[in-house]
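Participant: Sequence first, predicted coordinates after that:
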Amino acid sequence: YFDDLHLPDNPKHYNEYSRQCHVPVKCASDRRCPEVYDWKDLERWAQQEAYSRFEWESSFTDKPCSLISHSEYDYNLFSTGALSSDEEIGVKNTMTTDILLEYLASGAKCPVRNLLEGRCPNVSRALSLEECQHQRLYKCDPNYPYRSYNGICNNLQHATWGQAGNPMKLEIAPCFDDFVSKQRRSSTGRTLPNNRKVISDIQRALRNITARHVSDEMFSIFGLMFAEFATSDMIGRVMKRARNSTGGFRGCRADGKGISPYQAPLTAPLTVLPDDSNYGPKNVECLNFSPIENANDQCDLRYPTKRNTATSYLDLSAMYGNGDQYDENGKLKTSYCGASATFDRNHVISIQFMAIAGLFAQLHNYCIDRVRSCGQESKEEDIIEKCRSLTIGVYQRIVYDEWLYSLFGDDLFQQCDFNCKYDENLESSVSSTYTNAPGRFQHIWIPDHFSLSEGGKQVLKPVFEFFHNFGSFDCKSVLEGMFNDSIRVDTLSETLINTFFTDDGVHGHCLLCLDLERGRDAGLCPLVLYKHYFDRISENPTKCYESFDDLNDIFYEELINVFKKHYESPFDLDALFLIFEKEIPNGAFMPRTVAASTCLQFKNLKCSDRFFYSWNQFLTPAQKELINSIDMVTLLAMFGGIEQVPRNPWFINSEAIYANKIKQEMNSKHHLFCSL
Ligand code: HEM
Ligand SMILES: [Ca+2]
């Protein structure tokens, strides 16, 4: 089934649903193109607008009242990095193009759509401004055996594919109201229902669904946190930036009682209604939110898409950073739990995340020690890069053969069929749909407590405590705690809905609301379009949804009732709610459409990666042998500092084996490090 892994450069509106279900298509018979008297003049105007807007926005980084302060719980939840001068040009170019498109769309919308979808041959598809032409030419050396740090030259013909900072890509054209930036509206043209209200009603409704139950064979918190680690490797979110860094621009008053009079321009806070069962009594009427930056650094006239600051390849880019993270011996500088110090910049992570990240950094550093102890003369670069290739290979094998296998279950794993070959014509890219809807599915597994294993006992602590004071935790007990801790599948946790990122256990954010808003901000189309799209790809029967009750093949009745209450038509539902699809394929842990999207995303990342371990021609036999023998259990035994490791860390209640036994087996492979 899933063999078209390509995401288009110029996505088109998805017509198939309308065709099958006789839904009218906006602009269907409108053939007009934008009429502009003087394009050059318009471009220069848009550029001037962009430049002055950028200066104005940047001025807010010096206004303490407009920044979230240290003492607020959501300090750093929306932190923004500083821009290098190259990045600043990219951001300004993106703004220039966005302003120009918004201007055109403010006149008539349909011509803009025709332009964006390539039906206006007389209009150039890129701006002609000098600043827009700064794409560098790269010459890639096909014989250079190692990955670059920013993803460049992984693809020899298209050097920039998969590069950090690239835009995400869309399967189908986005559904902004004006096609370029305004939030999608209901089919009758009204604003979508209040974000928070829908989410809190969903939490209430899910309490009454008993079909969602905990079984013995349950995915572990270890599996959950590993997923977050893999996500952070392929996706790096970046809130709209100004010149200097911040701990987050302010949208709401510090006490949450409404929008701040000092609201910064790069924010779009969420409104909470006074009758909210959690926030109401706390007088919180406003939750901070900052949109993600667009990425259109060469000023192409195309649908706006969001920036991904990570390399899309599964190459441990969040751990290796720019390649400047090594000490004088070529070891990664480490921080808590032996994790690479690069993670210290990321403010929204837990010690559990660090404990998993630490396993891979320690493998790299262990490898460096072993290679050096062979006493052979090697170039510094070769030692580092050989250990890096080994570590990435070990990680990639774990992602596909262990983690995805456990998540998908045997049937679905075979169906998805990860046995593709390297395809040099396939662009490595992250889907904006995946990122902003199905890819967030596992957030609903986040519980209210994580376990620690202290003196052989399980101790439960609120999740938020693990986001602060990393120094107060013992990584060994954090790791051990994750193995027998089950993901949450019966109801949605308070942590997810009411107290996310809190520091006092009382006032917090709503992660699922952020997820919903990200989809709206990225212009995702209605849920039923994606359902139709992915069903077609997986050759499932497709269906039309005329009444809410038609949704009964996707959702339980309790949820349909929530949607009935808030939405005008089943066609208006937000794509995020695919995460609540009731059909879970046999043996899998994910609903059907989420699984289809996940399958395509991970297949793309594998088959577009020239250096993927299973075909990387630069790996030596010794590297290959090590990659095939270091599995997750081995990593845990070697670097987890624990005496007994679970045979299967992805599921709870796994049988345990002695770490020493595994370490001994590894010792018998030491010689391999001398022929890396
Ligand atoms: C305790 C576990 C986790 C926490 C605390 C967490 C937290 C977060 C936060 C704060 C964001 C940014 C929200 C926003 O502003 O848009 C995010 C984004 C995201 N998360 Fe998670 N997450 C967790 C686990 C996972 C897992 C297991 C997955 C599974 C694949 C996942 C997938 C994603 C994706 C795809 C995004 C969007 C991309 C991004 O912003 O990096 N997360 N998560
Ligand atoms: Ca990466």
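Facilitator: Noted; the coordinates are in hand. No experiment lies behind these values; they were computed from the predicted model shown. Ligands and ions are numbered 1, 2, ... in the order given.
Participant: L460 sits in which helix or strand?
Facilitator: Assignment of secondary structure by DSSP states H and E places L460 within strand 457-462.
Participant: And that strand, what's buried?
Facilitator: Buried positions in strand 457-462, judged by neighbour count with 16 or more other CB atoms under 10 Å: P462. In this view, the C-beta of every residue, glycine as well, is placed from N, C-alpha and C.
Participant: Pull up the pairing partners for that strand, direction included.
Facilitator: strand 449-454 (antiparallel) (DSSP bridges).
Participant: and the strand holding L460, is it in reach of ligand 1?
Facilitator: No: contact between strand 457-462 and ligand 1 is absent, the nearest approach being 12.4 Å (criterion: CB under 6 Å from any ligand atom).
Participant: any idea which helix or strand comes after that strand?
Facilitator: Going down the chain from strand 457-462, the next helix or strand is helix 475-483, by DSSP H and E.
Participant: C599: how many residues sit nearby?
Facilitator: The local packing count at C599 equals 25, with neighbours defined by other CB atoms under 10 Å.
Participant: my read: it touches F2, true?
Facilitator: Yes: because the distance of 5.2 Å satisfies CB atoms under 8 Å, C599 is recorded as touching F2.
Participant: Show me whatever sits in contact with both of the two.
Facilitator: Taking CB atoms under 8 Å, 6 or more residues apart in numbering as the criterion, C599 and F2 both touch C416.
Participant: Specify the angle between the strand holding L460 and helix 475-483 in degrees.
Facilitator: For strand 457-462 against helix 475-483, the angle between stretch directions is 90 degrees (axes from the mean of the first three to the mean of the last three CA atoms, to 10 degrees).
Participant: S406: neighbour count?
Facilitator: For S406, the neighbour count with other CB under 10 Å is 21.
Participant: Look at N616 and give its secondary structure.
Facilitator: Following DSSP: H, G, I helix; E, B strand; the rest coil, we place N616 in the coil state.
Participant: Give the rounded mean pLDDT of the strand holding L460.
Facilitator: In this model, strand 457-462 has a mean pLDDT of 95.
Participant: Equivalent analysis for stretch 232-239, please.
Facilitator: 96.
Participant: Export it to CSV, keeping only CA atoms.
Facilitator: Backbone C-alpha positions of stretch 232-239 (Å, rounded to 0.1, in the frame of the first residue of the first chain) are rendered in CSV as follows:
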residue,chain,number,x,y,z
SER,A,232,12.8,15.7,18.7
ASP,A,233,15.3,14.3,16.3
MET,A,234,13.0,14.8,13.2
ILE,A,235,11.0,17.9,14.3
GLY,A,236,12.2,21.0,15.9
ARG,A,237,9.5,23.5,16.6
VAL,A,238,10.5,27.2,16.5
MET,A,239,8.1,29.9,17.5
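Participant: Tell me where the stretch 351-500 of the chain has helices.
Facilitator: 351-373, 380-397, 405-416, 432-436, 475-483, 494-497 (DSSP state H, counting those that start in this stretch).
Participant: got a markdown table for these, with distance to V645 and mean pLDDT too?
Facilitator: Listed next are those as a markdown table, based on distance: least, CB to CB, whole Å; pLDDT from 0 to 100:
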| stretch | distance to V645 | mean pLDDT |
| --- | --- | --- |
| helix 351-373 | 11 | 98 |
| helix 380-397 | 16 | 98 |
| helix 405-416 | 16 | 96 |
| helix 432-436 | 32 | 98 |
| helix 475-483 | 8 | 97 |
| helix 494-497 | 28 | 98 |
